[in-house]
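Student: structure for this input, please:
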Amino acid sequence: MATSKEIEIETEVPQKKSKKILFLILGSFLVLAMVGSGFFYWKTQSQQAVKTVKPVDPIFYALEPFTANLQPGGKARFVHAGITLKLGDTTAQTQLVQYLPEVRSRVLALLSNRDGLALESTEDRDLLAAQILATLSQLYGSNLPPPKITSVMFTTFMLQ
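Tutor: All right, here's what the predicted structure looks like:
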């Protein structure tokens with residue numbers, strides 16, 4: 001027959017195993033909880049990033065059509081051009097409206113200093129659009145930032 005000391009030893013062994021199993025279960029639960037909360041945090045942050053990115057609507061500003069005499073290239077020629085500007089923000093639009101006479105003067109100066117033969121090809125018109133962009137992107141006032149003009153488009157272009 002077993003003495004009382006032997007009975008105590010036999011009963012202690014199952015308690016140690018049950019504590020180990022309990023710690024394993026609690027540890028596993030804790031790891032799963034951390035992984036789950038990390039996934040939830042990542043998912044909500046990525047959804048917020050998608051929500052905060054709002055596509056910017058383009059701002060177009062159509063100038064009244066220009067008619068300018070071209071430099072003589074053998075015969076009298078003129079150009080009639082409708083120009084639309086694509087702007088980066090509403091500040092640029094406000095600035096262009098405020099300085100519209102200067103804007104039109106700059107474009108007319110560029111158009112009238114051209115030879116009629118220099119506007120016949122598409123490449124020449126692309127070069128003219130780039131020059132208009134560079135000219136209109138210059139400062140209008142000493143305390144004003146340059147307007148954000150992203151592109152110049154010809155909506156009508158007639159050379160005669």
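Student: rest of the way, CA atoms for contacts and neighbours
Tutor: Fine.
Student: residues contacting the closest residue to Pro147 other than its chain neighbours?
Tutor: The shortest distance from Pro147 to any non-neighbouring residue, by CA to CA, 6 or more residues apart in numbering, is to Ala92 (4.6 Å). Counting by CA atoms under 8 Å, 6 or more residues apart in numbering, Ala92 touches Pro147, Lys148, Ile149.
Student: how many neighbours does the last one have?
Tutor: Right, the one you point to is Ile149. When neighbours are defined as other CA atoms under 10 Å, Ile149 has 21 of them.
Student: bridging residues for it?
Tutor: Ile149 has these beta-bridge partners by DSSP bridges: Leu87.
Student: hmm, it is touching Gly88, no?
Tutor: Yes. Assessed by CA atoms under 8 Å, Ile149 is found in contact with Gly88 at 5.8 Å.
Student: helix or strand: which one has the residue nearest to Glu64 when sequence neighbours are not counted?
Tutor: Sequence neighbours aside, Gly82 is the residue nearest to Glu64 in space, at 6.6 Å (criterion: CA to CA, 6+ apart). Assigned by DSSP states H and E, Gly82 falls within strand 78-87.
Student: which other helices and strands contact that strand?
Tutor: Strand 78-87 is packed against strand 59-62, strand 66-69, strand 149-159, with contacts defined by 3 or more CA pairs under 8 Å, 6 or more residues apart in numbering; DSSP states H and E.
Student: buried ones in the last one?
Tutor: Read it as strand 149-159. Neighbour counts over strand 149-159 (16 or more other CA atoms under 10 Å) mark Ile149, Ser151, Val152, Met153 as buried.
Student: how close does the second one get to Trp42?
Tutor: So that's Ser151. Going from Ser151 to Trp42 by CA to CA, to the nearest Å gives 39 Å.
Student: next one: the last one
Tutor: Shown here: Met153 relative to Trp42, a distance of 43 Å by CA to CA.
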